[in-house]
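*Asks:* model the following, please.
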Amino acid sequence: MEGPRFGESNATYTARSPKLLLHSLRPSRLTFSNRVFAAVYACAIIALFYRHAHTLIYSKTLVSFSVNLMLFISDLILAFMWANGQAFRMRPVYRKEFPENIEKVMKTSDLPGLDIFICTADPYKEPPMSVVNTALSVMAYDYPAEKTSVYVSDDGGSALTLFAFMEAAKFAAHWLPFCRKNNIAKRSPDEFFASNYSWSSETEKIKTMYESMKVKVERVLETGKVGDEYIISDQDRQAFGKWNTDRFTRQNHPTVIQVLLDKDKDRDTTGHWLPNLVYVARQKSKTSPHHFKAGALNVLVFVYTTVYNMLLQKKKKKVKFTNRYLYLQPSLLMVNFVFFNLKVRVSAAMTNAPVILNLDCDMYSNDPITPLRALCYVLDPEIQKKLAYVQFPQEFHGLNENDIYACEHKRLYKLNQIGFNGLSGPNYLGSGCFFRRRALFGNPSTLILPEIREISPDYIVNKPITDQSVLELAQHVAGCNYENQTKWGSKIGFRYGSLSEDYHTGLRMKCEGWRAIFCYPERAAFLGDVPSNLVDVLGQNKRWAIGLLQVAFSRYSSITFGVKGMGLLMGLGYSFFAFWPTYSIPITTYSFLPQLALLNGLSIFPKVSEPWFLLYMFLFLGSYGQDLLDFVVGGGTIQRWWSDQRMWMMRGLSSYLFGITEFFLRYMGIPTQGFNVTSKVVDDEQSKRYERGLFEFGVHSPMFVTLTMAAITNLFSFIYGLILFLSSSNKEGLFMQLFLSALIVMNCLPIYHAIALRSDKGKMPIRTTITATFLASAVYAAASFILK
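*Replies:* Okay, here's the model as predicted:
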């Protein structure tokens with residue numbers, strides 16, 4: 001099926017050739033079989049609940065009733081999540097773009113402006129050189145430099161990050177023409193020089209310049225300050241002078257906006273204009289406590305002075321807060337503000353490009369024509385009016401062969417978004433997304449104007465970015481108190497109220513009538529870093545779990561608000577993400593209950609000779625088989641699929657379990673652990689272990705305790721069950737429990753290895769093993785007392 005042809009209706013931009021195809025669409029070949037299988041599987045689920053109802057009604061003891069009830073609840077959640085997941089299989093479609101036709105339908109001078117946002121938070125956890133590489137890769141796009149502006153948002157307010165970008169601005173004058181001349185695809189310097197590039201004297205010269213810059217930046221990072229030897233000009237002294245006062249701290253400082261490159265003044269070594277490069281650090285105040293979220297966007301906790309006073313008085317009150325009602329308790333205040341809106345305002349004051357690209361600090365560009373791919377949809381008059389954004393998949397480099405931590409997230413970032421592509425479009429994934437600025441200001445039919453005319457999406461900035469009035473306006477809209485009593489976060493910009501602000505914002509936009517496009521080219525548009533140790537992986541997933549639950553149990557829940565605003569299938573698809581953490585309930589149940597019953601010689605599943613056994617086998621094999629098929633058809637391998645399903649189990653026993661617990665503790669006003677930035681720094685030994693496919697435990701974590709408890713319980717259950725199976729006459733009744741224990745034992749092999757066979761720093765801490773053994777023994781003792 002072909003997409004609409006450019007020029008068949010009135011376009012915002014003038015076309016030179018009205019009949020060229022910009023994109024096409026092809027439905028998945030699995031659509032029909034998916035629908036048939038869904039119908040058959042749904043009948044099997046109904047039969048399963050018929051059996052559950054029968055066993056509950058005819059339970060003879062309180063213990064048997066309780067066991068059956070727990071299994072019923074677990075299967076109910078699994079069925080609910082399965083039903084939600086079918087939304088992705090009803091109409092998956094694949095799209096293709098033809099960026100080569102852009103220049104045939106539009107003059108280069110008529111291309112829309114592009115503002116690029118890059119977030120960073122901590123120079124010691126997110127190395128400045130990694131952020132610099134991301135910025136240089138997008139500055140070198142095959143896109144008019146005079147229409148490109150890059151904004152680096154430093155939530156850490158660090159002089160070290162500013163220094164790195166001042167050096168990057170100098171290097172860009174050499175790097176950009178070098179990429180243009182040699183038609184380089186990998187335009188991140190780090191990635192290019194690590195590849196098998198063709199040697200030349202020019203290349204070696206550029207490499208020497210880059211290594212010199214890298215050494216200089218890392219030396220400053222090591223010393224923790226920008227030394228006087230690096231502050232040469234008056235402009236440097238003025239820039240770094242802001243940090244040389246006692247009043248400037250990480251938690252308390254004014255807005256810093258530093259124009260490092262000006263497209264109207266700065267040229268590269270070949271005489272071409274350089275894109276704008278602007279450093280932004282928002283204002284922070286001691287009277288406005290905050291915290292932030294790493295990754296897609298920084299989350300700012302912002303407190304009104306009146307609310308702060310209420311907390312000091314230790315009173316629980318209902319407070320009206322930017323058109324939303326929040327229950328505040330003295331022990332907990334979770335009002336999440338998104339730093340993205342500040343960037344929207346600052347960029348609007350300075351350049352106000354109609355297209356915005358948002359990137360994580362470690363998500364460098366891997367394809368220089370990516371903006372043109374996005375424009376194949378943005379410029380299409382047939383879809384332009386309701387198009388909010390074009391989302392590219394998050395893809396990663398540095399994954400080991402089998403992706404042991406399942407950091408690829410193939411379903412989240414690719415398969416499920418392809419399923420959304422045939423409906424109203426993908427969810428916003430936090431990075432690698434091209435927004436139409438207009439979509440941040442109301443619904444498709446109603447433009448909501450901001451409080452200042454100069455930052456509205458249709459305003460044209462006709463002054464240089466270094467003009468005093470432009471800088472003053474940018475400073476004003478970046479103030480930490482600017483959003484008081486405004487529509488930002490409620491009706492304008494990114495929507496507040498969740499740690500998973502990307503999910504929340506995408507949901508709200510779709511409910512307002514906006515659509516989106518998932519662009520999945522053969523060559524990855526962006527490549528990012530992944531955590532290489534398990535504690536960071538689980539911590540990141542726990543943070544996502546809390547954010548998703550914040551939306552799931554709010555007035556904007558996808559199962560109610562979402563279905564009403566987007567339709568049934570889109571609502572179910574969003575519910576699959578929102579209630580993802582609830583997987584912890586059935587995973588935990590099936591990791592302990594059948595095993596404890598097996599250790600006590602009790603059979604809780606149908607016998608092999610019973611017809612119900614075939615139903616259970618069909619449900620299990622059907623679910624796993626379809627999951628494997630989707631994964632392999634989507635470009636995955638069987639080894640990576642095994643890692644993915646293993647991490648699904650491990651997340652359910654750790655990050656999801658702790659996430660859902662922490663969410664309800666916060667809901668009840670009980671303080672919990674604060675937020676930490678996921679570190680992008682990896683030591684050499686840890687990196688080598690990751691490449692070898694070894695799980696990295698190393699440090700004690702409560703999440704490792706629950707994993708180890710499950711591993712120990714299932715190992716003893718399997719050994720005892722196997723002995724019982726070989727010696728007992730009730731082989732048929734114990735088979736399913738023994739099979740389940742064996743499956744979990746296979747998934748826990750890395751844990752057994754870390755406990756007993758490793759001596760490196762990544763082994764399981766003895767403290768964790770002892771704690772888990774004690775708790776597993778206590779659970780077994782309690783279960784034995786109850787079941788007998």
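
*Asks:* what residues does the nearest residue to residue 86 once chain neighbours are set aside make contact with?
*Replies:* Nearest residue to residue 86, sequence neighbours excluded (Cβ to Cβ, 6 or more residues apart in numbering): residue 38, at 5.0 Å. (C-beta placed from N, C-alpha, C; glycine too.) Residues counted as contacts of residue 38 (Cβ atoms under 8 Å, 6 or more residues apart in numbering) are 86, 89-90.

*Asks:* and what of residue 413?
*Replies:* Applying Cβ under 8 Å, 6+ apart, one finds that residue 413 lies in contact with 393-395, 429.

*Asks:* endpoints of stretch 448-463, how far apart?
*Replies:* With Cα to Cα, to the nearest Å as the measure, stretch 448-463 spans 24 Å from end to end.

*Asks:* that one - what's its average pLDDT?
*Replies:* Average pLDDT, stretch 448-463: 92.

*Asks:* now do stretch 120-140
*Replies:* Stretch 120-140 shows a mean pLDDT of 92.

*Asks:* now stretch 632-643
*Replies:* Averaging pLDDT along stretch 632-643 gives 95.

*Asks:* may I see the buried residues of that stretch?
*Replies:* 636, 640-643 (16 or more other Cβ atoms under 10 Å).

*Asks:* try stretch 401-418
*Replies:* By neighbour count on 16+ other Cβ under 10 Å, the buried set for stretch 401-418 is 402-418.

*Asks:* same check on stretch 48-64?
*Replies:* Neighbour counts over stretch 48-64 (16+ other Cβ under 10 Å) mark 48, 51-52, 55, 64 as buried.

*Asks:* on that earlier part again, make CSV out of the buried residues of stretch 632-643 and add distance to residue 784.
*Replies:* Shown next, in CSV, are these (distance: Cβ to Cβ, whole Å):
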residue, distance to residue 784
636, 42
640, 39
641, 37
642, 33
643, 35
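
*Asks:* distance from the chain centre to the helix or strand residue 239 falls within, please.
*Replies:* Using DSSP states H and E, residue 239 sits in helix 234-240. Relative to the chain's own centre, helix 234-240 is displaced by 37 Å; criterion: Cα atoms, centre = their mean, to the nearest Å.

*Asks:* show me the contact partners of that helix.
*Replies:* By Cβ under 8 Å, 6+ apart, the surrounding residues in contact with helix 234-240 are 159, 162-163, 166, 226, 230-231, 258.

*Asks:* output the contacting helices and strands for the host helix or strand of residue 117.
*Replies:* Taking DSSP H and E as the criterion, residue 117 maps to strand 114-120. On a contact count with 3 or more Cβ pairs under 8 Å, 6 or more residues apart in numbering; DSSP states H and E, strand 114-120 meets helix 128-139, strand 148-154, helix 340-350, strand 355-359.

*Asks:* export those to TSV and append columns for mean neighbour count and distance to residue 749.
*Replies:* Formatted as TSV, the helices and strands packed on strand 114-120 follow (neighbours: other Cβ atoms under 10 Å; distance: least, Cβ to Cβ, whole Å):
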stretch	mean neighbour count	distance to residue 749
helix 128-139	26	33
strand 148-154	26	43
helix 340-350	26	42
strand 355-359	25	37
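
*Asks:* distance to residue 787 for those - can I get that in JSON lines?
*Replies:* Converted to JSON lines, the helices and strands packed on strand 114-120 look like this (distance: least, Cβ to Cβ, whole Å):
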{"stretch": "helix 128-139", "distance to residue 787": "53"}
{"stretch": "strand 148-154", "distance to residue 787": "56"}
{"stretch": "helix 340-350", "distance to residue 787": "52"}
{"stretch": "strand 355-359", "distance to residue 787": "53"}
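
*Asks:* right, so of these, which gets closest to residue 199?
*Replies:* The minimum distance between residue 199 and the helices and strands packed on strand 114-120 falls on helix 128-139, with 21.2 Å, by Cβ to Cβ.

*Asks:* what angle sits between the closest one and strand 148-154?
*Replies:* 160 degrees (axes from the mean of the first three to the mean of the last three Cα atoms, to 10 degrees).

*Asks:* just to revisit the earlier point, quick one: which of the buried residues of stretch 401-418 sit in helices?
*Replies:* Counting by DSSP state H, those place 410, 416-418 in helices.

*Asks:* which one of those is nearest residue 505?
*Replies:* Nearest to residue 505 among these: residue 417, at 15.5 Å, using Cβ to Cβ.

*Asks:* what about the nearest residue to the closest one once chain neighbours are set aside, neighbour count?
*Replies:* Distances taken as Cβ to Cβ, 6+ apart place residue 426 nearest to residue 417, at 3.9 Å, with adjacent residues excluded. Counted with other Cβ atoms under 10 Å, the neighbours of residue 426 add up to 28.
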